[in-house]
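In: Mind looking at a prediction? Sequence and model below.
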Amino acid sequence: MCGIVGIVSRELVNQQIYDSLLLLQHRGQDSTGIATMDGSVFHLYKSQGQVREAYRTRDMRSLRGNLGLGHVRYATKGAADREEEAQPFYVNAPYGIILVHNGNLTNTRELERDLFNIDRRHTNTSSDTEMLLNVLATELQSQIQGKKLTVEDIFETVKSLHKRVEGSYASVALIAGHGMLAFRDPFGIRPLVLGERKNIYNKSEWIVASESLVLENNDYKIVRDVDPGEAIYITNEGHFYSHQCSANPKLNPCSFEYVYLARPDSIMNGISVYEARLKMGDYLAETIKQNIRTGDLDVVMPIPDSSRPAAIQVARQLGIEYREGFFKNRYIGRTFIMPGQSQRKKSVRQKLNAMSTEFKGKNILIVDDSVVRGTTSKEIVQMARLAGANSVTFTSAAPPVRYPHIYGINMPNRSELIAYNRSIKEIENLLLVDHLVYQEVSDLEKSILENTNIKELDMSCFTGHYVTGNITQEYLDWVELSYSS
């Protein structure tokens with residue numbers, strides 16, 4: 001999971017990119033980078049850490065140009081603490097290309113081999129983004145073959161890239177002296193939204209970003225989502241072109257975007273994140289009724305912030321009072337995307353505080369968005385008990401996470417997943433809760449897809465079904481080994 005944005009404007013874009021990255025900060029806190037293009041000259045700055053601390057006035061002044069892109073990183077490939085792994089990445093031929101990427105490539109072993117042995121290209125990091133950029137550059141070079149670059153060449157390049165690259169990828173690239181290219185993998189796993197606005201001269205300005213809230217906050221009108229397999233090319237002058245570059249595109253958006261990753265005020269793939277989370281609460285309430293005596297419960301409490309819509313609906317459907325008992329320190333990062341178990345555990349107490357007056361002597365029903373490793377959940381249960389709760393029922397708006405997520409979320413090791421090879425009762429005992437209730441897989445799917453034309457989600461971490469269809473047990477074993485070594 002990362003956040004990306006690209007803008008083609010009639011004015012300097014550095015401030016627009018910066019503002020957009022602030023809005024996408026929840027999607028990645030490891031590092032950030034901005035690149036702009038002034039004619040055929042790139043200006044680039046990237047740094048570890050969060051957006052607000054990364055850029056100084058002199059850095060922003062150096063980012064000149066009317067085209068630009070930006071990135072906030074949540075490390076799933078490569079080391080989180082190495083600045084050279086930060087995006088954007090750059091190659092100097094053909095023309096000069098600079099690229100950002102949200103997703104996770106699943107055939108990196110083959111790409112690394114072919115890039116070196118066949119394409120004669122060198123990658124200097126372990127980042128799959130650098131591999132994606134070099135594949136793009138190689139295929140573009142083979143298309144132009146000494147002639148002037150055309151729009152058709154660019155779309156043929158993306159067609160060739162789709163044939164070589166596997167996994168999830170939503171990407172934005174700048175081609176020096178020419179324009180901006182955005183493209184999405186043929187399964188549409190990671191989001192990418194297109195927007196347009198008119199300047200004072202009634203000329204179009206364009207934006208692509210991971211979430212719609214970026215468009216709305218920069219006064220762009222949402223045009224549509226970039227289609228799975230589609231490429232969009234916008235010239236330096238603002239001329240817009242698009243083309244479907246995949247032979248078999250199929251929209252399978254990531255369900256975890258709606259459970260946890262995206263901000264609730266975003267709309268992706270035509271689906272309101274907030275509305276989906278409300279429905280998760282409605283369906284979860286029905287499952288709770290079937291599994292426990294709800295009449296014994298005193299209050300429903302959310303774990304702020306992403307579980308709040310679901311918790312509101314659970315309380316409403318069960319007819320139980322909704323209360324806020326956990327209070328959040330907003331200066332601590334999201335614990336799910338902390339890099340290590342010990343760091344996650346330490347940050348829970350720094351991030352949340354339980355107000356004892358809301359817990360003392362009460363039977364508490366806690367609603368969280370999901371339970372992944374269980375580290376955070378167990379700490380929260382202990383906090384509730386120390387605050388005086390009489391009993392603790394823990395519920396999850398998502399089903400049990402039983403399988404690795406290999407499309408851009410840091411869940412590679414089965415041994416770290418609390419639900420892997422365990423029954424609900426076993427998980428209940430590990431979390432030290434009185435009752436544990438999970439969302440049903442079918443109910444999560446309905447929560448997101450009701451009243452849409454989308455037929456299937458990527459729900460691989462819940463079901464073990466990988467939508468790209470080329471994930472083997474040998475690959476999963478290799479991923480697990482490479483992350484643990």
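Out: Structure's in. What do you need? Predicted model, so just to flag it, every value in this text is computed and none were measured. Residues are numbered from 1 along each chain as shown.
In: State the phi and psi torsions of residue 468.
Out: Note on residue 468: its backbone torsions stand at phi -70, psi -20 [degrees, to the nearest 10].
In: so is residue 162 in a helix, a strand, or just coil?
Out: helix (DSSP: H, G, I helix; E, B strand; the rest coil).
In: what about residue 478, how many neighbours?
Out: Per other Cβ atoms under 10 Å, the neighbour tally for residue 478 reads 12. Where C-beta positions appear, they are placed from N, C-alpha and C, glycine not excepted.
In: That one belongs to a strand?
Out: No. Using three-state DSSP, the assignment for residue 478 is helix, not a strand.
In: pLDDT at the closest residue to it other than its chain neighbours, what is it?
Out: The shortest distance from residue 478 to any non-neighbouring residue, by Cβ to Cβ, 6 or more residues apart in numbering, is to residue 109 (7.6 Å). Per-residue confidence (pLDDT) for residue 109: 95.
In: and what of residue 341?
Out: Residue 341 is given a pLDDT of 51.
In: What spatial separation is found between residue 299 and residue 4?
Out: To residue 4, residue 299 is 40 Å away according to Cβ to Cβ, to the nearest Å.
In: Which of those two has more residues huddled nearby?
Out: residue 4 (33 against 19).
In: Which of the three states applies to that one?
Out: Taking three-state DSSP as the rule, one finds residue 4 in the strand state.
In: if I pick it, what's in contact with it?
Out: 24, 69-71, 100-102, 170-172, 192, 208-210 (Cβ atoms under 8 Å, 6 or more residues apart in numbering).
In: Tell me who's in contact with the residue located most distally from the centre of the chain.
Out: Using Cα atoms, centre = their mean, the residue of the chain lying farthest from its centre is residue 361. It sits 39.2 Å away. Contact analysis of residue 361 by Cβ under 8 Å, 6+ apart lists 388, 390.
In: now do the one 4 residues further on
Out: Residues in contact with residue 365 (Cβ under 8 Å, 6+ apart) are 288, 297, 299-301, 314, 318, 320, 393, 395.
In: Given the helix or strand that contains it, what are its sheet partners and their directions?
Out: Per DSSP states H and E, residue 365 falls inside strand 363-368. Strand 363-368 sits in its sheet next to strand 299-302 (parallel), strand 391-396 (parallel), going by DSSP bridges.
In: Downstream of it, the next helix or strand is which one?
Out: Counting by DSSP H and E, what follows strand 363-368 is helix 375-386.
In: which other helices and strands contact that following helix?
Out: On a contact count with 3 or more Cβ pairs under 8 Å, 6 or more residues apart in numbering; DSSP states H and E, helix 375-386 meets helix 341-351, strand 352-354, strand 363-368, strand 391-396, helix 424-431.
In: just the angle between it and helix 424-431, please?
Out: Angle, helix 375-386 to helix 424-431, by axes from the mean of the first three to the mean of the last three Cα atoms, to 10 degrees: 70 degrees.
In: what about this protein, any weak spots by pLDDT?
Out: 76-82, 330-347, 349, 484-485 (pLDDT under 70).
In: and the helix of greatest length in the chain, what other elements does it pack with?
Out: As assigned by DSSP state H, the longest helix anywhere in the chain is helix 273-291. On a contact count with 3+ Cβ pairs under 8 Å, 6+ apart, helix 273-291 meets helix 308-318, strand 363-368, strand 391-396, strand 435-438, helix 441-449.
In: Now tabulate the ones you listed in a markdown table and tack on distance to residue 48.
Out: Listed next are the helices and strands packed on helix 273-291 as a markdown table, based on distance: least, Cβ to Cβ, whole Å:
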| stretch | distance to residue 48 |
| --- | --- |
| helix 308-318 | 31 |
| strand 363-368 | 29 |
| strand 391-396 | 32 |
| strand 435-438 | 36 |
| helix 441-449 | 34 |
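In: Nearest to residue 259 among those would be which one?
Out: Among those, the nearest to residue 259 by Cβ to Cβ is helix 441-449 (7.4 Å).
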